[in-house]
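Undergrad: Prediction below, plus the sequence it came from.
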Amino acid sequence: MRILVTGGTGYIGSHTVVELMEAGHDVIILDNLSNSNEAVVDRIGKITGSRPVFYNLDMRDGEALTKLFENERPEGIIHFAGLKAVGESVAKPLMYYDNNIGGTVNLLKTMEKFGCKNIIFSSSATVYGDPEHVPVTEDCPKGSCTNPYGWTKSMIEQILMDLCIADKEWNVVLLRYFNPIGAHRSGTIGENPNGIPNNLMPYITQVAVGKLDHLNVFGNGYDTHDGTGVRDYIHVVDLAKGHVKALVKLAPGSGLNIYNLGTGKGYSVLDIVKNFEEASGVNIPYEIKEPRAGDIATIYADPSKAEKELGWKAEFGIKEMCEDSWRWQKMNPNGY
Ligand code: NAD
Ligand code: WQD
């Protein structure tokens, strides 16, 4: 299939491009490099043996997007492009609504103009809010988000659902990711946050490599086995493979489909510290701090729907996730 990957030089996008190319698909990448680096395109070329076509453009630029569609005629879109820093979204909500929602509406309008009505969207477990039950199934009601970033995901889901109701030619897959970590086994591509990382694993790897002094653990009074927050960490390569499998649901008449992409297992912050220390042989000093605003105690997926309907299941365990995060950080201490 001829696939346009928006946000394809980003963390999850780059790993997905590799899996798509290795599965024999034609890939075109669009990214404005606001949170990534063009060097990623060469790194993908190094892994796959061929450099994908790359457009440095902003999805909010309608004219540029139209030209891309005229030149490339994609058959399906995998839509990763978006801003994702939770704290920044609280400080700059308009920037998030404009970029994530405005950009997506612009993309969808261009797709409609060219009769390309097939899209896989990067949604998030954040749309469940504090879930009614765990493990979370896809029919668990969506919750109240605690930040504008989360609302952009929830609202874009709604926009895509409305499109499917209005026009039966649309085929939409909403993939709700849990917590992606890890990196390509080669250590060639990986997560490259700007400044001090917000997320747990890149923070730990930066402590391990000596860039940060210690980890701050946000709260140890939650109702979990050791008091620290429990999440469903998933290897980014497993997540990427989930997108390749989800392409079957872009076949004509598929309509709307929603899947959790997680492992079904929950690990606490201290479990992750321990597993990382074992995998890397490096000690991670930590200090217990106040809980972070908006955090919940526990969330993990019921991923059985994706297994049943897509034949997809996460294969890597926490050991590989930690080893691969560490390999990437060690080989690229300053990112790309
Ligand atoms: P990322 O920041 O590494 O990748 C996103 C890419 O989108 C970046 O390369 C950025 O430059 C690009 N981009 C942003 N705005 C753009 C615009 N207007 N035009 C063109 N390109 C633009 O993030 P990621 O971790 O790879 O996440 C990919 C997607 O998955 C995002 O939509 C994110 O919200 C979603 N998601 C991520 C996680 C996570 O924990 N990483 C979890 C759930 C969902
Ligand atoms: C994991 C656990 C923290 C950092 C976020 C977004 C979510 C999704 C994924 C996109 C929590 C604890 C963290 C640190 C810590 N993104 N922690 N010290 O919060 O589950 O999800 O990223 O959609 O929308 O909210 O991930 O990695 O930030 O935190 O103790 O320095 O680690 O409190 O329990 P989270 P995370």
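TA: Thanks, I have it. Residues are numbered from 1 along each chain as shown. Ligands and ions are numbered 1, 2, ... in the order given.
Undergrad: Close to ligand 1: what parts of the stretch 101-250 of the chain are there?
TA: Counting by C-beta under 6 Å from any ligand atom, the stretch 101-250 of the chain comes close to ligand 1 at 103, 122, 124, 177, 179-180. Glycine gets a C-beta too; all of them are placed from N, C-alpha and C.
Undergrad: redo that, cut-off 5 Å
TA: Selection of the stretch 101-250 of the chain residues close to ligand 1 by C-beta under 5 Å from any ligand atom yields 103, 122, 124, 177.
Undergrad: Next, the last one: phi, psi?
TA: If I follow you right, that is residue 177. phi -80, psi 150 (degrees, to the nearest 10).
Undergrad: quick one: it and ligand 2, what's the gap?
TA: Taking C-beta to the nearest ligand atom, to the nearest Å as the measure, residue 177 falls 7 Å from ligand 2.
Undergrad: Would you tell me which one of the residues of the stretch 101-250 of the chain next to ligand 1 comes nearest to ligand 2?
TA: Using C-beta to the nearest ligand atom, residue 124 comes nearest to ligand 2 of those, at 3.2 Å.
Undergrad: Which residue is the nearest non-sequential neighbour of the closest residue to ligand 1 within the stretch 1-150 of the chain?
TA: The stretch 1-150 of the chain approaches ligand 1 most closely through residue 10 (2.0 Å), counting by C-beta to the nearest ligand atom. Excluding its sequence neighbours, the residue lying closest to residue 10 (C-beta to C-beta, 6 or more residues apart in numbering) is residue 36, at 4.8 Å.
Undergrad: thinking the residue of the stretch 1-150 of the chain closest to ligand 1 is in contact with residue 80, fair?
TA: Yes: look at residue 10 against residue 80 with C-beta atoms under 8 Å: they come within range, at 5.8 Å.
Undergrad: so what's residue 133 closest to, chain neighbours aside?
TA: In space, residue 133 is closest to residue 140, 6.7 Å off (C-beta to C-beta, 6+ apart).
Undergrad: which ones are touching that neighbour?
TA: Residues near residue 140 by C-beta atoms under 8 Å, 6 or more residues apart in numbering: 128, 131-133.
Undergrad: Quick check: the residue of the stretch 1-150 of the chain closest to ligand 1 vs residue 144, distance?
TA: In this view, residue 10 and residue 144 are 27 Å apart by C-beta to C-beta, to the nearest Å.
Undergrad: Kindly report the same for residue 262.
TA: 21 Å.
Undergrad: Do stretch 326-336 and ligand 1 come into contact?
TA: No: figure legend: stretch 326-336 not in contact with ligand 1 (C-beta under 5 Å from any ligand atom); closest approach 11.2 Å.
Undergrad: most residues in a single helix of the protein, which one?
TA: helix 148-166 (DSSP state H).
Undergrad: Take that one, keep the C-alpha atoms, and write them as CSV.
TA: The C-alpha coordinates for helix 148-166 follow below in CSV (Å, rounded to 0.1, in the frame of the first residue of the first chain):
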residue,chain,number,x,y,z
PRO,A,148,-5.5,20.1,26.8
TYR,A,149,-3.2,17.5,25.1
GLY,A,150,-5.6,14.7,26.2
TRP,A,151,-8.6,16.6,25.0
THR,A,152,-7.0,17.0,21.6
LYS,A,153,-6.9,13.2,21.3
SER,A,154,-10.4,12.8,22.6
MET,A,155,-11.8,15.5,20.3
ILE,A,156,-10.0,14.2,17.2
GLU,A,157,-11.4,10.7,17.9
GLN,A,158,-14.9,12.4,18.0
ILE,A,159,-14.2,14.2,14.7
LEU,A,160,-13.2,10.9,13.0
MET,A,161,-16.3,9.1,14.4
ASP,A,162,-18.5,11.9,13.1
LEU,A,163,-16.9,11.5,9.6
CYS,A,164,-17.6,7.8,9.6
ILE,A,165,-21.3,8.5,10.4
ALA,A,166,-21.6,11.2,7.7
